[in-house]
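what shape does this take:
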Amino acid sequence: MSQSTSDTEGRKRGNIRQRGNSLQVRAYAGVDPVTGKPSYLAETVKGTDRAARKRAEKLMTELVPAARTPALR
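From the prediction side, this is the model:
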């Protein structure tokens, strides 16, 4: 079971999925300029209960804007 976060255009920008005894939060970060492959930011939240799901949803709201911000080089 996964949950998506959308931006104003309605596109999916990330998801939360169960990975063993934890939840993985992933957000699309664009295309890698060297390889041309999609790039993702990911974080792990320990646990799978309601409290962990709530922490994962909060983390998703932080990751999505970070993924859309270009890296300073």
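
and for the nearest residue to K37 once chain neighbours are set aside, the neighbour number?
In space, and not counting its chain neighbours, K37 is closest to V31: 7.0 Å by CB to CB, 6 or more residues apart in numbering. For every residue, glycine as well, the C-beta is placed using N, CA and C. Applying other CB atoms under 10 Å, we find 11 other residues in the vicinity of V31.

likewise for Y40?
Neighbours around Y40, by other CB under 10 Å: 13.

number of nearby residues for the closest residue to it other than its chain neighbours?
For Y40, the nearest residue in space outside its immediate sequence neighbours is R26; the separation is 4.9 Å by CB to CB, 6+ apart. Close neighbours of R26, defined as other CB under 10 Å, add up to 18.

same thing with R55?
Burial of R55, expressed as a neighbour count using other CB under 10 Å, amounts to 16.

got it, and R19?
Neighbours of R19 under the rule other CB under 10 Å: 11.

quick one: contacts for the residue nearest to it when sequence neighbours are not counted?
Residue nearest to R19 in three dimensions, not counting chain neighbours: T44, with 7.4 Å by CB to CB, 6+ apart. Listed by CB atoms under 8 Å, 6 or more residues apart in numbering, the contact partners of T44 are 19, 22-25.

among these, which ones are in strands?
Secondary structure assignment (DSSP state E) places 19, 22-25 from the contacts of T44 within strands.

looking at those, which is nearest K54?
Lowest distance from K54 to the ones in strands among the contacts of T44 (CB to CB) belongs to L23, with 10.3 Å.

all strands of this protein, in order?
The residue ranges that make up the strands of the chain, judged by DSSP E, are 3-6, 12-19, 22-31, 38-46.

most packed of those strands?
Neighbour counts (mean count of other CB atoms under 10 Å) averaged over each of the strands of the chain peak at strand 22-31, with a mean of 18.
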